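Trainee: mind folding the following:
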Amino acid sequence: MSKENFLSDNELVQRFISGDQNSLEILIHRHKSRVFSYILLIVRNQELAEDIFQETFIKVIKSLKKGRYTDNGKFISWVLRISHNLIIDHFRKEKLKGTVSNDSMETDLFNSPKFADETVEDQLVYSQILSEVKDLVKELPEDQQQVIYMRHYLDLSFKEIADLTDVSINTALGRMRYALINLRKLVEKKNLVLTKF
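Mentor: Have a look, this model is predicted:
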């Protein structure tokens, strides 16, 4: 492993700005999993996520070369904000065309093997619960859906969520609170039982 792998994000950024292309490759490799996961969880489409991921790093490169990154120790938050804005731009364009689809993802976010239990019956019941929760989340306003995905699937802190969505921490917390209240109301309204027993 080269000594560059031990440099901070900001040291690598400064090296890239000074002309060291390898530093950018290290940065991309260091953060690609988190950035791609974030994009995929929101757009729910593998090909689209790959396109937005590439667009994100093209924009990162252009912004760095134009000196639009300030050394604030939050490189990953800055990159996620860029990807977030590109996602919003994409959905705005799709909304104008009237062709947004949320069901074209190859894998089911809510049906992960890590949730599997011992018996086939338990697995089927749990799978049904996750499917129902997924459907319920889709009925929430977009800002509430977003905070649930970011908090529970990306494991982001409310500070990170607030930074990425350009709102205060209180607003991010409020969105989560309302999301949970609305989910409870939907469960009651639909008379759902979301337990295995």
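
Trainee: next structured bit after the helix or strand bottoming out on mean pLDDT in the chain?
Mentor: The weakest-scoring helix or strand in the chain, judged by mean pLDDT, DSSP states H and E, is helix 120-138 (a mean of 70). Sequence-wise, the next helix or strand downstream of helix 120-138 (DSSP states H and E) is helix 142-152.

Trainee: quick check: buried residues in that following helix?
Mentor: 144-151 (16 or more other C-beta atoms under 10 Å). From N, CA and C alone the C-beta is placed, and that goes for glycine too.

Trainee: check which helices and strands that helix sits against.
Mentor: helix 21-43, helix 120-138, helix 158-165, helix 169-190 (3 or more C-beta pairs under 8 Å, 6 or more residues apart in numbering; DSSP states H and E).

Trainee: with mean neighbour count added, can I get those helices in CSV?
Mentor: Output for those, formatted as CSV (neighbours: other C-beta atoms under 10 Å):
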stretch, mean neighbour count
helix 21-43, 17
helix 120-138, 14
helix 158-165, 18
helix 169-190, 15
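
Trainee: which one of those helices has the lowest average pLDDT?
Mentor: When the helices and strands packed on helix 142-152 are compared by mean pLDDT, helix 120-138 comes last with a mean of 70.
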